[in-house]
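In: how would this look folded up:
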Amino acid sequence: MASHTHTHTHTSTARRIVDAGCVELLSRGGARSSNVKCTPEIEAALEEYLGENCTYTLNVMRDMVRFDFGVELSTSTISNKLIGKLYTTKNRGSICMDVNADFVNEIYDKVKASPTFQEHFQGKKVVVVLDNAPAHNQTEENDDLVLLRLAPYSPMCNPTEGCFSVFKAKIKVHLALSREELVAARPRGTIAAARMEILEHAAMRCIGCMDLRLVNKMALHCQHAVAAAERMEDMQYST
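Out: This next block holds a predicted model:
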């Protein structure tokens with residue numbers, strides 16, 4: 001073995017290299033608790049945050065962790081902890097057609113009794129759009145009730161879907177402006193209720209966009225989509 005005087009290597013270091021058979025420095029003692037920032041409790045909280053609102057950005061969740069746990073995490077760490085943990089499965093559930101039929105009948109009764117219908121739509125038919133939801137034909141026993149059953153995965157043919165897309169977009173903008181309130185420090189156990197209150201407030205502020213003008217706009221958009229489909233052309237999926 002070469003002498004340490006010629007290699008400028010300390011004797012103890014040379015012995016370690018010979019004993020270990022490698023020159024890399026190995027980590028000692030494992031992870032220290034003082035250096036472990038993203039604990040299992042924080043990982044569970046991250047999943048809970050997204051479970052409550054899937055629109056949270058990494059920056060927002062970083063602020064929430066800082067306020068809830070007093071720990072400063074990088075956005076890359078948060079991303080690494082969440083990748084592979086979050087997934088969705090789509091299964092056909094137990095769908096009771098009788099329940100759907102009762103729901104359609106309830107909608108029909110409420111629409112007929114509404115002042116808006118009685119003032120502007122007397123004599124018109126009530127059209128209920130079923131987005132691939134089964135219901136008994138017995139719901140069509142009323143002459144002025146029309147059930148419009150859509151094919152699966154056809155939101156461009158559903159004006160209600162377009163209206164709610166606009167509604168949800170406005171809520172997201174409102175929540176972005178309320179970021180400081182969303183991440184404000186709160187006692188444990190009250191976070192979910194406080195954020196739900198903020199979300200409900202945002203919905204009440206934005207519900208005004210669901211007016212007759214928007215409904216007419218989305219209905220016209222759906223007419224264009226259906227006409228394009230009849231001509232065997234591509235339908236435009238946008239609002």
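
In: which residues does residue 147 bridge with?
Out: Assessed by DSSP bridges, residue 147 has beta-bridge partners residue 128.

In: count the residues that sit near it.
Out: 16 (other Cβ atoms under 10 Å). Just so you know, the C-beta spots here come from the backbone N, C-alpha and C atoms, and that holds for glycine as well.

In: over to residue 128?
Out: 19.

In: so it makes contact with residue 148?
Out: Yes - in this structure residue 128 lies within contact range of residue 148 using Cβ atoms under 8 Å: 7.0 Å.

In: do you have the helices of the protein handy? List them.
Out: With helices called from DSSP state H, the chain shows them at 4-7, 11-20, 40-52, 58-69, 75-82, 97-113, 115-120, 159-177, 179-182, 191-206, 212-230.

In: low-confidence ranges, this structure, go.
Out: Residues of the chain that meet the criterion pLDDT under 70 lie in 1-36, 53-55, 84-98, 131-141, 151-153, 235-239.

In: pop the domain breakdown of it in here.
Out: Under the assignment automatic domain parsing, the domains of the chain span 37-81, 97-149, 150-239.

In: enumerate every residue touching residue 234.
Out: Shown in contact with residue 234 (Cβ atoms under 8 Å, 6 or more residues apart in numbering): residue 228.

In: measure it to residue 161 for me?
Out: According to Cβ to Cβ, to the nearest Å, residue 234 stands 18 Å off from residue 161.

In: name the residues that touch stretch 204-217?
Out: For stretch 204-217, the external contacting residues (Cβ under 8 Å, 6+ apart) are 159, 162, 163, 166, 167, 170, 171, 174.

In: may I see the buried residues of it?
Out: For stretch 204-217, the neighbour count (16 or more other Cβ atoms under 10 Å) marks 206, 214, 217 as buried.

In: for residue 116, see how far away the last one is.
Out: As judged by Cβ to Cβ, residue 217 and residue 116 stand 18 Å apart.

In: for stretch 145-155, measure first residue to last.
Out: 22 Å (Cα to Cα, to the nearest Å).

In: so which bits of it are buried?
Out: Within stretch 145-155, the residues that count as buried by 16+ other Cβ under 10 Å are 145, 147, 150, 154, 155.

In: now tabulate these in CSV and tack on distance to residue 44.
Out: Shown next, in CSV, are the buried residues of stretch 145-155 (distance: Cβ to Cβ, whole Å):
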residue, distance to residue 44
145, 48
147, 44
150, 39
154, 38
155, 34
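
In: now, which of the residues you listed sits nearest residue 81?
Out: Among the buried residues of stretch 145-155, residue 155 lies closest to residue 81 (Cβ to Cβ), at 32.5 Å.

In: which residues touch residue 198?
Out: Going by Cβ under 8 Å, 6+ apart, residue 198 touches 175, 178, 181, 182.

In: tell me which of the buried residues of stretch 145-155 fall in strands.
Out: 145, 147 (DSSP state E).

In: which of the buried residues of stretch 145-155 lies closest to residue 60?
Out: Distance to residue 60 across the buried residues of stretch 145-155 (Cβ to Cβ) is lowest for residue 155, with 27.3 Å.

In: not counting sequence-adjacent ones, nearest residue to the closest one?
Out: residue 161 (4.1 Å; Cβ to Cβ, 6 or more residues apart in numbering).

In: count of residues packed around that neighbour?
Out: Residue 161: 17 neighbours (other Cβ under 10 Å).

In: among the buried residues of stretch 145-155, which one sits closest to residue 58?
Out: residue 155 (28.0 Å).

In: how close does the closest one get to residue 202?
Out: For residue 155, the distance to residue 202 - Cβ to Cβ - is 23 Å.

In: shouldn't residue 225 be in contact with residue 156?
Out: Yes - in this structure, residue 225 is within contact of residue 156 by Cβ under 8 Å, at 4.4 Å.
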